[in-house]
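Undergrad: What follows is a predicted protein model with its sequence.
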Amino acid sequence: MRQNTRMRTSPILFAAILSLSLAICDKYVTAANDAWAQAYQRTQALREVGRRIFSDPTFSASGKQSCASCHDPARRYNPPNTLAVQPGGADLRERGLRSPPTLTYINRVPPYENHHYDSDEEADGSIDNGPTGGLGWDGRIDTGAAQAEIPLTAKFEMANTRAGVAAAIRKAPYAQRVRDALGSDVLDDDERAFKAVVRALGAFEEDYTEFSPYTSKYDAFLTGGAQLSEQENRGLALFNDESKGNCAQCHRSARGKDGTPPVFSDYGLIALAVPRNGAIPRNRDPAFFDLGACGPERKDKAAQAEYCGLFRTPTLRNVSLRSAFFHNGKFHSLRDAVQFYVTRDITPARWYAKGAREQVIAYDDLPARYHPNINREAPFAGQAPGATPRLSQSEIDDVVAFMRTLTDGYLKDDPYRAERKRAANP
Ligand code: HEC
Ligand code: HEC
């Protein structure tokens, strides 16, 4: 009997409790949704402003240069031309030291560390991979937003002042959108206005579909949506083979243990001894050297010889859209870049300058006292004048053909996202 009564009353009670709790819940959910929707809209607005600032020349002292002048959106944020270093400064007559890197996949660059232990390393998580990560060729900067401060005011780049940047954003046709996103008084004060610009650029750089699209042919291949050609397949094998290119040791080509798509960099800082580039004006001074992690741009390791000559391993995604390679833009074809790897120590005369008595100055862009820092693992290991290069001429072509599969835009959408969706709803 009791049982029965309960059976009869409980659905009513249950319905009452349910509708009451739904009503309460609904209120909170609506409030939470509103807060979330507002935050989302703010981020979207900031991102859109960032996109516009990125290509807006009024933020430079010259009035002629924007971020896009050096990081061209049409080339996946690689430089727009074949110059080793881009013009900059108030009159666009300054020249910096380095070739602008692509900005794609910068969200994958880990913060800088002196000693990096990789938990995703198949071999052993206790191996010290040495200095790793950080933005800039020397790893000196940690996040996109902090990074944007540098080009806006750097003498070689946009050469503006913080007040100049603040004035530009106040005059921009989209100034009101910044106020909507960050507060109506955010542009009143120069320093806050400058920070708002930097924040908007940082928000834009976090737009994954723009900066981390994962839409290359190689991504299609890894997710089962495309075949590589015979040549590309040979190139991939040579790229991975430890006794041939050994490129994947630093430019990782395999997915992580958790399925993360490869970015073709382990972000290690390495000395490859790229030849000195006479096209860079600062290099006319024979006493000047760009030593990467030990300076001159990076300051914290100036007194530590073991950091001299080290530059951060770049991603090779979208590398075929570049026309100047390595930190100093020394080479202008992918083929020459690979040729350099396999013959650096076999035919040094081909790569390095000659001294007064016609002797080759080996590793001419790194003073001799730092030569112990130079990487000598494969493909360099065992190479000396007279040795056979690890890659033949046709094998070099294969590796280049493979690197061309790393260009985004082959697919319309990120195939890993579809893969994750399928895994979640089998
Ligand atoms: C005059 C050319 C030039 C302009 C203009 C320029 N950059 Fe750069 N950018 C470079 C160079 C060169 C580097 C590499 C600097 C280094 O390694 O010291 C770089 C590096 C970067 C990096 C780090 C990338 C990485 O992989 O480490 C980011 C992010 C970046 N720039 C964003 C911007 C933004 C945002 C703007 C506009 C506010 C901008 N750049 C304007 C030349 C430029
Ligand atoms: C020991 C680590 C290491 C290995 C092995 C290695 N690389 Fe690199 N790679 C780097 C570093 C570091 C740089 C940047 C060096 C610099 O600019 O001074 C670089 C730069 C490059 C660049 C220029 C990219 C750009 O944006 O300008 C290309 C192309 C390249 N590597 C291809 C290859 C190929 C192909 C192989 C195999 C034959 C290979 N790498 C092997 C570390 C490595």
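TA: Sure thing, it's come through. Ligands and ions are numbered 1, 2, ... in the order given.

Undergrad: Alongside ligand 1, which residues does this structure contribute?
TA: Listed as neighbours of ligand 1 in the chain under the rule CB under 6 Å from any ligand atom: 65, 67, 69-71, 86, 88, 96, 98, 100-101, 103, 106, 135-138, 144, 147-148, 151-152, 157-158, 201, 297. Heads up, the C-betas are built off the backbone N, CA and C, glycines and all.

Undergrad: Can you list which of those are found in helices?
TA: Among these, the members found in helices (DSSP state H) are Cys67, Ser69, Cys70, Gly144, Gln147, Ala148, Pro151, Leu152, Leu201.

Undergrad: burial of the residue of the stretch 251-400 of the chain found nearest ligand 1, as a residue count?
TA: Of all residues in the stretch 251-400 of the chain, Glu297 sits closest to ligand 1, at 4.9 Å by CB to the nearest ligand atom. Glu297 has 19 neighbouring residues, counting by other CB atoms under 10 Å.

Undergrad: pLDDT wise, what is it at?
TA: Among the per-residue scores, Glu297 holds a pLDDT of 92.

Undergrad: what's around the residue lying closest to it once chain neighbours are set aside, how many residues?
TA: Spatial nearest neighbour of Glu297, excluding adjacent residues (CB to CB, 6 or more residues apart in numbering): Asp138 at 5.9 Å. Neighbourhood size, Asp138 [other CB under 10 Å]: 26.

Undergrad: can you check Lys244 too?
TA: Lys244 has 19 neighbouring residues, counting by other CB under 10 Å.

Undergrad: tell me which of the ones in helices among the residues of the chain next to ligand 1 is nearest to ligand 2?
TA: Out of these, the member with the shortest distance to ligand 2 (by CB to the nearest ligand atom) is Cys70, at 13.5 Å.

Undergrad: list the contacts for that closest one?
TA: Pro79, Pro80, Gln86, Gly88, Pro100, Pro151, Glu157 (CB atoms under 8 Å, 6 or more residues apart in numbering).

Undergrad: 6 Å - rerun?
TA: Pro79, Gln86, Pro100 (CB atoms under 6 Å, 6 or more residues apart in numbering).

Undergrad: Go ahead and confirm the last one touches Asn81.
TA: Translated: Pro100. No: counting by CB atoms under 6 Å, Pro100 stays clear of Asn81, with 10.6 Å between them.

Undergrad: Now do the most centrally placed residue in the chain against Asp190, distance only.
TA: By CA atoms, centre = their mean, the chain has its centre lying nearest to Ile106, at 3.3 Å. Taking CB to CB, to the nearest Å as the measure, Ile106 falls 28 Å from Asp190.

Undergrad: follow-up on the earlier one: counting neighbours, which of the ones in helices among the residues of the chain next to ligand 1 comes out on top?
TA: For these, the largest neighbour count, defined by other CB under 10 Å, is 27 neighbours, found at Cys67.

Undergrad: Could I get the phi/psi values of the residue lying closest to that one once chain neighbours are set aside?
TA: Distances taken as CB to CB, 6+ apart put Phe54 closest to Cys67, at 4.6 Å, once the chain neighbours are dropped. The phi and psi values for Phe54, taken as degrees, to the nearest 10, are phi -50, psi -40.

Undergrad: How about the residues of the stretch 1-150 of the chain by ligand 2?
TA: The stretch 1-150 of the chain has no residues near ligand 2, with proximity defined as CB under 6 Å from any ligand atom.
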